[in-house]
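Enquirer: Below is the structure, and that's it, no one-letter string:
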């Protein structure tokens, strides 16, 4: 399973802060994004950043592992 | 009388922090400086700024009035 | 002594943070700080409170990395970063940065760099409560 | 509340200064501070204490002018400047500047401008006591 987390405005639009998604071998970050974008287009309109296992990922073609923690994030507004 | 004040390193080299100098009509700031420079050359080697009555004066040709308070100052080192 | 980098609910004392910063070295001649606080007005709307959401697993390590980067990039003696979560009201502290160096220029440069980078790199989001409802803040471009 | 611009012997609390700064407006989103403090080492020599001489008749009005100039030049909501005299030891506060604005950039800009201008414009001189004796500090060019 892949755990997907949402925070702030993205979580608000998804309507929840966590989803469990079935893992598929060879699955890329962009594949997962594509799947979820179809389900939550309004939330994903805000997404501009992603993190895998707590680390910012710039390469959307990165291959995910089973049990990965993935976060799709809008621009930060802390501070 | 003109009151001349010294502070910090200038006062240390003059050996005192205050002098009373006889007022002469038409006396300019540069005249007073000239007089004192002869008496305290080491102190005046440090002088780069002057104030008259609490205000920074850039024009050394300014004419002094009786009872003026004049300060000959080295570069500031506060803060 | 409290950690140099923290994410916490509670308010903190600036005096205590400065003392902790200074404790690291007697050679510190310049200390710069930045305190970000909640305003009662934003984008033309009254704001009664601000709350936060954070991806803490990433936020704290990012803040720790920022501190280390600032120390080496600006030659600081020490730096501290605190970000509050929970709910804050007008005047309350949100974020605090303190930088200490031998001289003033690196402390001031590092302080500005840290708050600018924090806003870009630390996954925290701010929600303003206004008379019209709640709004997630969109960062200025 | 204490005056926004002061020259004084006693130490002060940053928390108190910040509270006084904030009391002026609920629209303050960014507060920058600079604290200059005594180091135990300067120009390669150990320093046991620092004392000051000031032309107070000119120093305080210059600091008041600086505050007003900073407020209008950077659009600040408020600013405070405190300079200590007397004798201070390593770690002790010498000068404190705090600037508050709606957003962070003017607060940070004004804080740097104020400490730079204060050093140029305020008639205060610093004397360091070292094992080799006392030396008046010569400002860096």
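Expert: Sure thing, it's come through. What you see is a predicted model; the values in this text were computed from it and never measured.
Enquirer: In chain A, which helix is the longest?
Expert: With secondary structure taken from DSSP state H, chain A has its longest helix at helix A:29-39.
Enquirer: Buried by neighbour count: which residues of the very next helix or strand once past it qualify?
Expert: Downstream of helix A:29-39, the next assigned helix or strand under DSSP states H and E is helix A:41-44. Residues A:43, A:44 are the ones in helix A:41-44 that count as buried (16 or more other CB atoms under 10 Å in any protein chain shown). Just so you know, the C-beta spots here come from the backbone N, C-alpha and C atoms, and that holds for glycine as well.
Enquirer: What lies in contact with the following helix or strand past helix A:41-44?
Expert: Next in sequence after helix A:41-44, counting helices and strands by DSSP H and E, comes strand A:49-52. Residues from elsewhere that reach strand A:49-52 (CB atoms under 8 Å, 6 or more residues apart in numbering or on different chains): A:29, A:33, A:56-57, A:60, A:62, A:64, A:68-76, C:55, C:58, C:123.
Enquirer: In contact with residue 59, which residues?
Expert: All of this is about chain A. With contacts defined as CB under 8 Å, 6+ apart, residue A:59 is in contact with residue A:29.
Enquirer: not quite, I wanted chain C
Expert: Going by CB under 8 Å, 6+ apart, residue C:59 touches A:78, C:7, C:83, C:122, C:123, C:124.
Enquirer: before we move on, what about residue C:84?
Expert: Applying CB under 8 Å, 6+ apart, we find residue C:84 in contact with C:7, C:8, C:9, C:10, C:11, C:12, C:52, C:92, C:93, C:94, C:95.
Enquirer: If we only consider those residues, which is nearest to chain A?
Expert: If you rank the contacts of residue C:84 by distance to chain A using CB to the nearest CB, residue C:95 comes first, at 4.7 Å.
Enquirer: now residue C:47: how far from chain B?
Expert: Applying CB to the nearest CB, to the nearest Å, the value for residue C:47 to chain B is 37 Å.
Enquirer: Chain C: helices as residue ranges?
Expert: Taking DSSP H as the test, the helices found in chain C are C:14-22, C:56-74, C:104-121.
Enquirer: which one of those is the most hemmed in?
Expert: Among those, helix C:104-121 has the highest mean neighbour count (mean count of other CB atoms under 10 Å in any protein chain shown), at a mean of 21.
Enquirer: And the residue of chain C that's closest to chain B?
Expert: Counting by CB to the nearest CB, chain C gets nearest chain B through residue C:104, at 8.3 Å.
Enquirer: Could you pull up the residues touching the spatially most central residue of chain A?
Expert: In chain A, the C-alpha nearest the mean C-alpha coordinate belongs to residue A:72, at 3.3 Å (CA atoms, centre = their mean). Neighbouring residues of residue A:72 by CB under 8 Å, 6+ apart: A:4, A:6, A:10, A:33, A:36, A:43, A:44, A:47, A:49, A:50.
Enquirer: Mind checking which of the contacts of residue C:59 are in strands?
Expert: Members of the contacts of residue C:59 lying in strands (criterion: DSSP state E): C:7, C:83, C:124.
Enquirer: Restricted to buried residues, select those residues in PyMOL.
Expert: To isolate the buried ones among the ones in strands among the contacts of residue C:59 in PyMOL, judged by 16+ other CB under 10 Å, type:
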select buried, chain C and resi 7+83+124
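Enquirer: Return the nearest residue of chain A with respect to chain B.
Expert: For chain A, CB to the nearest CB, closest residue to chain B: residue A:79, 28.6 Å.
Enquirer: which parts of chain C sit against chain A?
Expert: Residues of chain C that fall close to chain A, judged by CB under 8 Å from any CB of the partner chain: C:36, C:52-55, C:57-59, C:61-62, C:83, C:94-95, C:115, C:118-127, C:136-139.
Enquirer: hmm, back to that, averaged pLDDT, the longest helix of chain A. What do you get?
Expert: For helix A:29-39, mean pLDDT is 97.
Enquirer: same check, this time on stretch C:34-48
Expert: Across stretch C:34-48, the average pLDDT comes to 90.
Enquirer: hang on, the earlier thing: save the helices of chain C as JSON lines, and put in mean pLDDT and distance to residue A:19 too.
Expert: Shown next, in JSON lines, are those (pLDDT from 0 to 100; distance: least, CB to CB, whole Å):
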{"stretch": "helix C:14-22", "mean pLDDT": "96", "distance to residue A:19": "39"}
{"stretch": "helix C:56-74", "mean pLDDT": "98", "distance to residue A:19": "17"}
{"stretch": "helix C:104-121", "mean pLDDT": "98", "distance to residue A:19": "25"}
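Enquirer: nearest to residue C:30, of these?
Expert: Residue C:30 sits nearest to helix C:104-121 of all the helices of chain C, at 3.6 Å, using CB to CB.
Enquirer: The closest one: how far from the chain's middle?
Expert: The chain centroid and the centroid of helix C:104-121 are separated by 10 Å, computed with CA atoms, centre = their mean, to the nearest Å.
Enquirer: do the same with stretch A:44-64
Expert: 6 Å.
Enquirer: Next: stretch A:34-43.
Expert: Counting by CA atoms, centre = their mean, stretch A:34-43 comes out at 10 Å from the chain centroid.
Enquirer: That stretch near chain C anywhere?
Expert: No: judged by CB under 8 Å from any CB, stretch A:34-43 stays clear of chain C, getting no closer than 11.6 Å.
Enquirer: OK, contacts around residue C:104?
Expert: Here residue C:104 is in contact with C:29, C:30, C:32, D:34, D:36, D:115 (CB under 8 Å, 6+ apart).
Enquirer: Show the contacting residues for the fifth one.
Expert: Under the criterion of CB under 8 Å, 6+ apart, the contact partners of residue D:36 comprise B:79, C:29, C:30, C:31, C:104, D:93, D:94, D:95, D:96, D:115.
Enquirer: Who's the closest spatial neighbour of it, skipping the chain neighbours?
Expert: Among residues not flanking residue D:36 along the chain, residue D:95 sits closest, at 4.2 Å (CB to CB, 6 or more residues apart in numbering or on different chains).
Enquirer: Neighbours of that neighbour, how many?
Expert: 23 (other CB atoms under 10 Å in any protein chain shown).
Enquirer: Can I have the buried ones of the contacts of residue A:72 as a ChimeraX selection?
Expert: A single ChimeraX command is used to select the members of those judged buried by 16+ other CB under 10 Å:
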select /A:4,6,10,33,36,43,44,47,50
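Enquirer: Name the nearest of the contacts of residue A:72 relative to residue D:110.
Expert: The closest of these to residue D:110 turns out to be residue A:49 (CB to CB; 32.4 Å).
Enquirer: Return the residues in contact with the nearest residue to residue C:13 once chain neighbours are set aside.
Expert: What sits nearest to residue C:13 in space, not counting adjacent residues and going by CB to CB, 6+ apart, is residue D:15, at 5.7 Å. Neighbour list for residue D:15: C:13, C:14, C:15 [criterion: CB under 8 Å, 6+ apart].
Enquirer: Using neighbour counts, pick out the buried residues of stretch C:77-87.
Expert: C:77, C:78, C:79, C:80, C:81, C:82, C:83, C:84, C:85.
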